[in-house]
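Asker: structural data only, the sequence is not supplied:
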Ligand SMILES: Cc1cc2nc3c(=O)[nH]c(=O)nc-3n(C[C@H](O)[C@H](O)[C@H](O)COP(=O)(O)OP(=O)(O)OC[C@H]3O[C@@H](n4cnc5c(N)ncnc54)[C@H](O)[C@@H]3O)c2cc1C
């Protein structure tokens, strides 16, 4: 059979941050033998260079590329992540864990959390955390992958990684270049478009070189060089819901064991991340510049570091929101060029991953059928909005007594979030759609963790209570999980296997 004469011959990726090199690696893996792929980056401009915590689907990105977990963790100085510990998000002294995986296992047709709500109303004060295998492991600094047996509680957890995103980009660059991706260094000073169609045709670098392409991926970061400046796609700001617009990042040395979880601690006008890697601890303070100055924010961060800083602070500015259209003509924006949601639930690298997967599903030919872009934009908008709502929930459902937090609690939420909240507060029902990134257990973690405890539960629980003996079943599950956690090794011991090997 003859190849499609309209097939794309060349793809140009603009930008060499995590988005650029993840895209280059995935394209090289999928279509590198048929399409010439060029990546342009400017060392003078540099990259955002933060982005250390992820969520479980990142595993499938690496697997699809044929990258082993051991190679990946060694190259990126990574650690395992079982979830996020939230400190001070409900009342000032509160804490809870958002685990990956489920609260489980269900021991009846009634979902576990309804039994938990029922016992809670009868005076049981056991936190819901105690029914998550992720927390059973995290509280003990233990780690191991889930077992492949659904009847075993050790199959109910899931995991992701913390890693150095700069090292990951470097690792993927090697991967992509080995598979034929051409890298061009230089600053783009001009972008050419075809008059009638408006399609992009070429970019020109500061030394005069011109690089042509059939299709362009804008991974130029916050600059949005192609999608914003050239295609003039408007940016939709969500700052009224998510008012934090700056972060100061400041790594320090690890003290104590490397914890297999991220910590997010709320402060007076934002929150602080703590992300343990093999060689250092990533820290940062996300804050609202209308309420707190850069100096104050840095002071708060320094006051809450586990150890003295080992680098100079870096301040980053951003606005929560997204491009109204991520794909226009023959240009798609992936990464920060397409939108930004603060790293509270570690979703940016995931949005890059799904952006790439969607692009591969909808890869056009040189006819550039607008239907491809239409579908890409529909799915991207939905994905961004659902993640946005989940992040808004953390701000909305707080009971802190500071002006910033009172304002967040008082701001009306988007309609779909309001709908979910009505179900939860009215009946304890969880209604996240099956195809949503954050599934019911995630919503449950944040609702309960931040003090939104409904006084209703599934009536089926009362109808079945005589048959089930819920207090005994719940106690058994807790004990099972605690005992199961003891069968896993210490996280530090697992990581020792991935320490960098000395040079030969
Ligand atoms: C404070 C903060 C914390 C974060 N934490 C996390 C986290 O924990 N987990 C997570 O998943 N994500 C996190 N992120 C997001 C993550 O850092 C980014 O999504 C990721 O790094 C992708 O960035 P990027 O590649 O789109 O942009 P960048 O890293 O900014 O790369 C842009 C590239 O474009 C190039 N470029 C720009 N203009 C030109 C030009 N004119 N000519 C040539 N080249 C050009 C630059 O040289 C660079 O190579 C965080 C982001 C911030 C701001």
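Answerer: Received it, and whenever you're ready, just let me know what you need. As the structure is a computational prediction, the values presented were derived from the model and not from experiment.
Asker: tell me the residues of the chain that contact the ligand?
Answerer: Remark: the part of the chain in contact with the ligand comprises 14-20, 40-42, 45-48, 50-54, 165, 187-188, 219-221, 223, 225, 247, 284, 316, 318, 335-337, 343, 346, 348-349, using Cβ under 6 Å from any ligand atom. Backbone N, C-alpha and C define where each C-beta goes, glycine included.
Asker: these, buried ones only, as a ChimeraX selection?
Answerer: Those of the residues of the chain next to the ligand that count as buried under 16 or more other Cβ atoms under 10 Å are selected in ChimeraX with:
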select :14,15,16,17,18,19,20,40,41,42,47,48,50,51,52,53,54,165,188,219,220,221,223,225,247,284,318,335,336,337,343,346,348,349
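Asker: the lengthiest helix in the chain: how far from the chain's middle?
Answerer: If each helix of the chain is counted by residues according to DSSP state H, the longest one is helix 370-396. Taking the mean C-alpha point of helix 370-396 and that of its whole chain, the gap between them comes to 13 Å (Cα atoms, centre = their mean, to the nearest Å).
Asker: so which of the residues of the chain next to the ligand sit within strands?
Answerer: Counted as lying in strands by DSSP state E, out of those, are 14, 40-41, 188, 247, 284, 316.
Asker: is residue 357 in a helix, a strand, or coil?
Answerer: On the three-state scheme (DSSP: H, G, I helix; E, B strand; the rest coil), residue 357 is labelled helix.
Asker: dig out what the residue nearest to residue 308 when sequence neighbours are not counted forms beta bridges with.
Answerer: Closest residue to residue 308 in three dimensions, ignoring its sequence neighbours and counting by Cβ to Cβ, 6 or more residues apart in numbering: residue 252, at 6.3 Å. According to DSSP bridges, the residues that bridge with residue 252 are residue 281, residue 309.
Asker: so where's the stretch 201-350 of the chain shaky on pLDDT?
Answerer: When the per-residue scores of the stretch 201-350 of the chain are filtered using pLDDT under 70, no range remains.
Asker: ranges for the helices of it?
Answerer: Using DSSP state H, counting those that start in this stretch, the helices assigned to the stretch 201-350 of the chain run over residues 294-303, 348-361.
Asker: hey, which of those helices is tucked in deepest?
Answerer: Comparing these on average neighbours per residue, with mean count of other Cβ atoms under 10 Å, the densest one is helix 348-361 at a mean of 21.
Asker: helices or strands up against it?
Answerer: Taking 3 or more Cβ pairs under 8 Å, 6 or more residues apart in numbering; DSSP states H and E as the contact definition, the neighbouring helices and strands of helix 348-361 are helix 18-31, helix 58-64, helix 370-396.
Asker: so which of those helices is the most packed in?
Answerer: The most buried stretch of the helices and strands packed on helix 348-361, if neighbours are counted by mean count of other Cβ under 10 Å, is helix 18-31, with a mean of 26.
Asker: and that helix, how far out from the chain middle?
Answerer: Centroid separation between helix 18-31 and its chain, computed with Cα atoms, centre = their mean, is 18 Å.
Asker: pLDDT on it, on average?
Answerer: Confidence over helix 18-31 (mean pLDDT, whole number) is 98.
Asker: what is the orientation angle of it with helix 348-361?
Answerer: Per axes from the mean of the first three to the mean of the last three Cα atoms, to 10 degrees, the angle that helix 18-31 makes with helix 348-361 is 30 degrees.
Asker: wait, residue 385 touches residue 413, no?
Answerer: No - taking Cβ atoms under 8 Å as the contact criterion, residue 385 and residue 413 are not neighbours in contact, 11.9 Å apart.
Asker: quick check: the residue of the stretch 151-300 of the chain nearest the ligand.
Answerer: Sorted by distance to the ligand under Cβ to the nearest ligand atom, the residues of the stretch 151-300 of the chain start with residue 221, at 2.5 Å.
Asker: so what's that residue up against?
Answerer: The neighbourhood of residue 221, defined by Cβ atoms under 8 Å, 6 or more residues apart in numbering, consists of 15, 17, 19, 47-48, 335-337.
Asker: kindly recompute the last result at 7 Å.
Answerer: Counting by Cβ atoms under 7 Å, 6 or more residues apart in numbering, residue 221 touches 15, 17, 47-48, 335-337.
Asker: distance of the residue nearest to residue 308 from residue 231?
Answerer: With distances defined as Cβ to Cβ, to the nearest Å, the gap from residue 252 to residue 231 amounts to 41 Å.
Asker: pick out whichever of the two has more residues nearby.
Answerer: Taking residue 252 and residue 231 together and counting by other Cβ atoms under 10 Å, residue 231 has the greater number of neighbours (23 against 19).
Asker: ok, now which ones touch the nearest residue to that one once chain neighbours are set aside?
Answerer: Across the structure, with Cβ to Cβ, 6+ apart as the measure, the residue nearest residue 231 apart from its sequence neighbours is residue 328 (4.6 Å). Residue 328 makes contact with 227, 231, 233, 373, according to Cβ under 7 Å, 6+ apart.
Asker: what's the closest of those residues to residue 312?
Answerer: For these, the minimum distance to residue 312 (Cβ to Cβ) is 31.4 Å, reached by residue 227.
Asker: tell me what the closest residue to the closest one other than its chain neighbours is bridged to.
Answerer: Spatial nearest neighbour of residue 227, chain neighbours left out: residue 333 (3.8 Å); criterion: Cβ to Cβ, 6+ apart. With DSSP bridges as the criterion, residue 333 is bridged to residue 218.
Asker: quick one: contacts for the spatially closest residue to residue 340 that is not a sequence neighbour?
Answerer: Spatial nearest neighbour of residue 340, chain neighbours left out: residue 318 (5.0 Å); criterion: Cβ to Cβ, 6+ apart. Applying Cβ under 7 Å, 6+ apart to residue 318 gives the contacts 222, 245, 340.
Asker: reformat those as a markdown table; add neighbour count.
Answerer: What follows is the contacts of residue 318, written out as a markdown table (neighbours: other Cβ atoms under 10 Å):
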| residue | neighbour count |
| --- | --- |
| 222 | 16 |
| 245 | 20 |
| 340 | 23 |
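Asker: stretch 174-192: which residues count as buried?
Answerer: Buried residues in stretch 174-192 (16+ other Cβ under 10 Å): 175-177, 179, 181, 183-184, 186, 188, 191.
Asker: hmm, back to that, with distance to residue 68 as extra columns, can I get the helices of the stretch 201-350 of the chain in JSON lines?
Answerer: Below are the helices of the stretch 201-350 of the chain laid out as JSON lines (distance: least, Cβ to Cβ, whole Å):
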{"stretch": "helix 294-303", "distance to residue 68": "35"}
{"stretch": "helix 348-361", "distance to residue 68": "18"}
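Asker: cool, thanks, talk later.
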